[in-house]
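*Asks:* Model the following, please.
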Amino acid sequence: MAHNKLAHKKKQGMTLLEILIAMLILVFVIVGFMKATTDFMLYLKASKINARAKELAEKLRSGILNLPQLSACFNSSITGELKSNATGNQSFITFDRPDFYVKDCPNVNNCISQFGCLYCYTGEEIILSNQINCTVGYPIRVGYNAGKVIYKDNESGQEIEVGSAVGIKVYYIEPKTRREKEINVLVYKKYEE
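*Replies:* Numbering: from 1, shown residues only. Reported below is the predicted structural model:
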């Protein structure tokens, strides 16, 4: 007889409590999947924007290197120093200003201004925007600074101007964390002797 009650109960189906627990589990799975999908889409968008910002920095670096003369582009009060490491086989440039990489857009007379300061990433390409706001895509901003590069001769103590350098700061707001990300590039152009 106890066997018949169990067989009869199985034929009736699930209880209301079992259905509620099953629905609750299903809701957690769906919400978790939606959150993971959203996070992944934001990650993809952020990585695409970062890759395009790096491409833009490289494009600007190449364009600035192709300028015939950088010395007309910079403020002569900004000076960097060409130094060598202890073994003397590698050189690097240091600037006396910690804020060499700036968010400023140069004035119209500056030869660097032709490269622009506001770009829009449309999802497929980066375009130069002449507007204050990027209405067709995701904004990527660029700041420039430039200065002369000197070399201090240890033997004579003389400072020799050896070239020009441009600091490029490409920056944008990362979509997932809403934090500003930046890419700094130094372009050094040695004077021809």
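
*Asks:* hey, let's count contacts and neighbours off CA atoms from now on
*Replies:* Fine.

*Asks:* Specify the beta-bridge partners of A165.
*Replies:* Legend: beta-bridge partners of A165 under DSSP bridges are G147, Y188.

*Asks:* now swap in the one 5 residues further on and tell me
*Replies:* When bridges are called by DSSP bridges, V170 pairs up with V142, I183.

*Asks:* Adjust the sequence numbering to begin at 290 for everything that follows.
*Replies:* That works, and once the first residue is 290, the last one we named lands at V459.

*Asks:* In contact with it, which residues?
*Replies:* With contact set as Cα atoms under 8 Å, 6 or more residues apart in numbering, V459 has these partners: 342, 345-346, 429-432, 471-473.

*Asks:* what's the lowest-pLDDT member of the residues you listed?
*Replies:* Taking these together, the minimum pLDDT is found at G432 (82).

*Asks:* Kindly provide the distance from it to L315.
*Replies:* When distance is defined by Cα to Cα, to the nearest Å, G432 is 50 Å away from L315.

*Asks:* So if I had to pick from these two, which one is more boxed in?
*Replies:* For G432 versus L315, the count of surrounding residues by other Cα atoms under 10 Å is larger for G432: 20 against 12.

*Asks:* Quick check: pLDDT value at M312.
*Replies:* Per-residue pLDDT puts M312 at 95.

*Asks:* what sits up against stretch 443-454?
*Replies:* Counting by Cα under 8 Å, 6+ apart, stretch 443-454 makes contact with 359-360, 369, 435-442, 475-480, all of which sit outside it.

*Asks:* do the same with stretch 332-345
*Replies:* Taking contacts as Cα under 8 Å, 6+ apart, the residues outside stretch 332-345 that touch it are 410, 414-415, 429, 459-460, 463-465, 472.

*Asks:* follow-up on the earlier one: now which of the contacts of stretch 443-454 would you call buried?
*Replies:* Among those, those buried by neighbour count (16 or more other Cα atoms under 10 Å) are 359-360, 369, 435-440, 475-478.

*Asks:* okay if I get these as TSV plus distance to S336?
*Replies:* Written out in TSV, the entries for the buried ones among the contacts of stretch 443-454 read as follows (distance: Cα to Cα, whole Å):
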residue	distance to S336
L359	33
S360	36
G369	33
A435	29
G436	32
K437	35
V438	34
I439	38
Y440	39
L475	23
V476	25
Y477	28
K478	31
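
*Asks:* So which of these sits lowest on pLDDT?
*Replies:* By predicted confidence (pLDDT), the lowest-ranked of the buried ones among the contacts of stretch 443-454 is S360, with 63.
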